[in-house]
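Asker: just a sequence and a predicted model for now, questions to come.
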Amino acid sequence: MPYHVADLADVAARTRLVEALPATLDRAILCAGKGHYRALTEEVDSEMADVVEVNVRANIHLTHGLYQPLVAASGRIALVGSVARKGASTMPIYSASKAAIDGLARSLALEWQGRITVKALHPGPTATGMSVRSGRPADFFDRIMLKPEAVASTILAMLEENGGYRRTISYPRILTDTLLRRSTT
């Protein structure tokens, strides 16, 4: 399974990534995100533009480029909308950008129906380090965030499910998936 690293804020890097795609691709997960932990009144224009560039424009660019390889394989794509389901105070630009991804997934689920399965997946708080990078002060909440490995496994499982384009990845879902995986091994 190919894994690519690219600066999603760089249009040329995204273009190179799209050009490197194989002719057929059965699965894709777009989950990159960038944000700042601060109120809207404290946001800075250039940093808001960076968040929109990475979280919205990059995902649209990559999803557009993934269409041909995915349709060739009747593939599946997951667009990770994160906090879009509920919003997040003190991260309004991040929340708005992820809501745009949810809207994109909803539209594409209809537009690509019967050709590509599209899922909008919304994991709960995940211990990826983004919280610290966004400027959120560390507290007790950091210790109860979802484990990245568990979220990744659940994203993969949900991508394979039929029906419903939009799902929330919650603590109960992670626990259920973990228990089911243990019972089958």
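Answerer: Thanks, I have the structure now.
Asker: next, count neighbours for residue 120.
Answerer: Burial measure for residue 120: 24 neighbouring residues, criterion other C-beta atoms under 10 Å. No exception for glycine: its C-beta is placed from N, CA and C like everyone else's.
Asker: surely it is in contact with residue 110?
Answerer: No: between residue 120 and residue 110 there is no contact under C-beta atoms under 8 Å: 12.0 Å.
Asker: got a list of what residue 120 touches?
Answerer: 78-79, 81, 84, 101-102, 105-106, 109, 165-167 (C-beta atoms under 8 Å, 6 or more residues apart in numbering).
Asker: from those, which one has the minimum pLDDT?
Answerer: Lowest pLDDT within these is found at residue 84 (60).
Asker: what packs against the lengthiest helix in the chain?
Answerer: The longest helix of the chain (DSSP state H) is helix 92-111. With contacts defined as 3 or more C-beta pairs under 8 Å, 6 or more residues apart in numbering; DSSP states H and E, the packing partners of helix 92-111 are helix 45-52, helix 58-72, strand 76-80, strand 117-123, strand 166-169.
Asker: can I get it in PDB, CA atoms only?
Answerer: Only the C-alpha atoms of helix 92-111 are listed here, as PDB (Å, rounded to 0.1, in the frame of the first residue of the first chain):
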ATOM      1  CA  PRO A  92     -13.700  27.800  14.500                       C
ATOM      2  CA  ILE A  93     -11.600  28.000  11.300                       C
ATOM      3  CA  TYR A  94     -10.500  24.400  11.600                       C
ATOM      4  CA  SER A  95     -14.100  23.400  12.300                       C
ATOM      5  CA  ALA A  96     -15.400  25.300   9.300                       C
ATOM      6  CA  SER A  97     -12.700  23.800   7.000                       C
ATOM      7  CA  LYS A  98     -13.600  20.300   8.200                       C
ATOM      8  CA  ALA A  99     -17.300  21.000   7.700                       C
ATOM      9  CA  ALA A 100     -16.400  21.900   4.100                       C
ATOM     10  CA  ILE A 101     -14.900  18.400   3.800                       C
ATOM     11  CA  ASP A 102     -18.100  16.900   5.200                       C
ATOM     12  CA  GLY A 103     -20.000  18.800   2.500                       C
ATOM     13  CA  LEU A 104     -17.700  17.600  -0.200                       C
ATOM     14  CA  ALA A 105     -18.000  14.000   0.800                       C
ATOM     15  CA  ARG A 106     -21.800  14.300   1.000                       C
ATOM     16  CA  SER A 107     -21.900  15.700  -2.500                       C
ATOM     17  CA  LEU A 108     -19.500  13.200  -4.000                       C
ATOM     18  CA  ALA A 109     -21.300  10.300  -2.300                       C
ATOM     19  CA  LEU A 110     -24.300  11.200  -4.500                       C
ATOM     20  CA  GLU A 111     -22.400  12.300  -7.600                       C
END
